[in-house]
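> Sequence first, predicted model second:
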Amino acid sequence: MSNRYDVIVLGLGGIGSAAICHVARRGHRVLGIDQFSPPHDRGSTHGQTRIIRQAYFEHPDYVPLVLRAYELWREVEAATGQTLLEQVGLLEVGPGDGVVVPGVLASAARHDLAVERLSAADAERRFPGFRVPGNYAAVFEPTAGFLHVERCVAAHLQLAVQAGAALQTNTAVASWSRSGNAIAVSTDRGEFRAERLIVAAGPWAAHVLPALGVPLVVRRKPLYWFAAAGGDAATCANWPLSVAAGCPTFLYELSQGVFYGFPQFDDRGVKVARHSGGETVADASTVDRALDAADCDAVADFVEAHLVGLARRPRDHATCMYTMSPDEHFVVDLLPGEPRVAFVAGLSGHGYKFAPVLGEILADLVDAGETKHPVGFLGLDRFAGST
């Protein structure tokens, strides 16, 4: 394998796999480096599924980016012949004066997106697998759904390799530095050089970008899969929490926190997790992956109160990580003082759906130093003077 490239991509998870795909398909000689063998379960991009949605309650400026992501996900599907995006819809529940429902409606109004307002009773009639507090509001977004996350990573890497990319997996990065007009990346398998560098290191971003100047907090996030209380009912086509029965993805904003989940589509069960909270992780390489009893109880309480007919004890569990920026919005930019280095960090638990467009943006940045996409609100300069 050569040790000289046009571009090196550090991290081949959700965003890095998309970035190397875009860079390779533009004709660059590109190397991707990952400390594991992606898709893997050691970082932030695993656990079967991620929600994808358009009416973005966090900030309406995300909407043009996610609309482009939808286009790109469909292009990857067409290029690989795989189903990656399941458009099953999304039911979002919360107080009428909370964060989620008003935010969804504001984004939908600003960008002319299709969402339906539902009363609690309407939501339960339409989706009998859910229980909605009578004083809460609900919105349904029919264009939303979920992504098969490991399958997506594999698809991006497949296309990258077909376009000529080289992959160096199970390779730990020790450091990188400017070396004349090149970037030198030192690893446990030798040194590699390139004219430009993309960093998409997920929960290891602070280690790879020590001079970033923005505090990034890594949080431990458990995921759970629940089976039907009766055992076999969840395998039936008419089980109300299954894809076959028309169950959508879901998100609840409650006083106890924000919870989300996915309808059952295989024998693993209904996936449910808590979006809010999470213990701080000191070292992403040694995160505790054992069952978290306190978090499991909180999710089980949500399941008992709001989902119909599931056992309280989960059938399976996994652990991933959120890398939180100070304002919980992504950071996508060129590294100050290093115009040859583009990065994305701090995806804050809601970034995966944007993977292909973030990959496109990173490719733009190392190609031209700028992008046509409206990412000014995600730039590093918003933190100037705050650290």
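Received it, and whenever you're ready, just let me know what you need.
> Please name the bridge partners of the spatially closest residue to G261 that is not a sequence neighbour.
Distances taken as Cβ to Cβ, 6 or more residues apart in numbering place V272 nearest to G261, at 3.9 Å, with adjacent residues excluded. Every C-beta, even on glycine, is put in place using the N, C-alpha and C of the backbone. Assessed by DSSP bridges, V272 has beta-bridge partners Y224, G261.
> and if you look at S179?
A182.
> Any idea how many residues pack against it?
11 (other Cβ atoms under 10 Å).
> so who does the residue nearest to G261 touch?
Contacts here follow Cβ atoms under 8 Å, 6 or more residues apart in numbering; on that basis V272 touches 224-226, 259-262, 299, 302-303, 307.
> secondary structure element for the closest residue to P263 other than its chain neighbours?
Closest residue to P263 apart from its sequence neighbours, by Cβ to Cβ, 6+ apart: C247 at 3.6 Å. Assigned by DSSP states H and E, C247 falls within no helix or strand.
> any idea how far C247 lies from Q168?
Counting by Cβ to Cβ, to the nearest Å, the gap from C247 to Q168 is 41 Å.
> between those two, who's got more neighbours?
The residue with more neighbours, out of C247 and Q168, is C247; 25 against 19, by other Cβ under 10 Å.
> quick one: that one and V100, what's the gap?
On the measure of Cβ to Cβ, C247 and V100 end up 19 Å apart.
> and P133, helix, strand or coil?
coil (DSSP: H, G, I helix; E, B strand; the rest coil).
> hang on, it packs against A120?
Yes. Between P133 and A120 a contact is recorded at 6.3 Å, counting by Cβ atoms under 8 Å.
> most residues in a single helix of the chain, which one?
helix 63-80 (DSSP state H).
> which secondary structure elements does it contact?
strand 49-52, strand 85-86, helix 100-111, helix 149-162, helix 355-368 (3 or more Cβ pairs under 8 Å, 6 or more residues apart in numbering; DSSP states H and E).
> switch to 7 Å and redo it
Where contact means 3 or more Cβ pairs under 7 Å, 6 or more residues apart in numbering; DSSP states H and E, helix 63-80 is packed against helix 149-162, helix 355-368.
> which other helices and strands contact the first one?
Yep, that's helix 149-162 we're talking about. helix 14-25, helix 63-80.
> same check, this time on the last one
In terms of contacts (3+ Cβ pairs under 7 Å, 6+ apart), helix 355-368 is packed against helix 14-25, helix 63-80, strand 190-199, strand 331-335, strand 338-345.
> Give me the residues contacting the following helix or strand past the first one.
Okay, so that is helix 14-25. For helix 14-25, the following helix or strand on the C-terminal side (DSSP H and E) is strand 30-33. The contact list for strand 30-33 (Cβ atoms under 7 Å, 6 or more residues apart in numbering) reads 5-10, 12, 16, 20, 23-24, 160, 165-168, 171, 173, 185, 187, 192, 194.
> Now strand 30-33 - C-alpha only, CSV.
Presented in CSV, the C-alpha positions along strand 30-33 are these (Å, rounded to 0.1, in the frame of the first residue of the first chain):
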residue,chain,number,x,y,z
VAL,A,30,-7.8,8.8,-0.8
LEU,A,31,-6.9,6.7,2.2
GLY,A,32,-9.3,6.0,5.1
ILE,A,33,-8.0,5.0,8.5
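> Number of residues surrounding the residue nearest to G13 when sequence neighbours are not counted?
Distances taken as Cβ to Cβ, 6+ apart put T45 closest to G13, at 4.0 Å, once the chain neighbours are dropped. Neighbour count for T45, taken as other Cβ under 10 Å: 28.
> Tell me who's in contact with T45.
By Cβ under 7 Å, 6+ apart, the contact list for T45 reads 13-14, 39, 149, 153, 352.
> that's a strand at A114, yeah?
No. Under three-state DSSP, A114 falls outside any strand and is assigned coil.
> distance of it from Q54?
In this view, A114 and Q54 are 9 Å apart by Cβ to Cβ.
> Of the two, which one has the most company?
More neighbours surround Q54 than the other of A114 and Q54, with 23 against 11 (other Cβ under 10 Å).
> pretty sure the more buried one is in a helix, no?
No. Secondary structure assignment (three-state DSSP) places Q54 in coil, not in a helix.
> coming back round to it: so of the helices and strands packed on helix 149-162, which one's packed in deepest?
Neighbour counts (mean count of other Cβ atoms under 10 Å) averaged over each of the helices and strands packed on helix 149-162 peak at helix 14-25, with a mean of 31.
> Neighbours of H59, how many?
By the criterion of other Cβ under 10 Å, H59 has 15 neighbours.
> For D267, give its distance to L291.
The spacing between D267 and L291, counted by Cβ to Cβ, is 20 Å.
> wait, I meant F259
F259 sits 18 Å away from L291, going by Cβ to Cβ.
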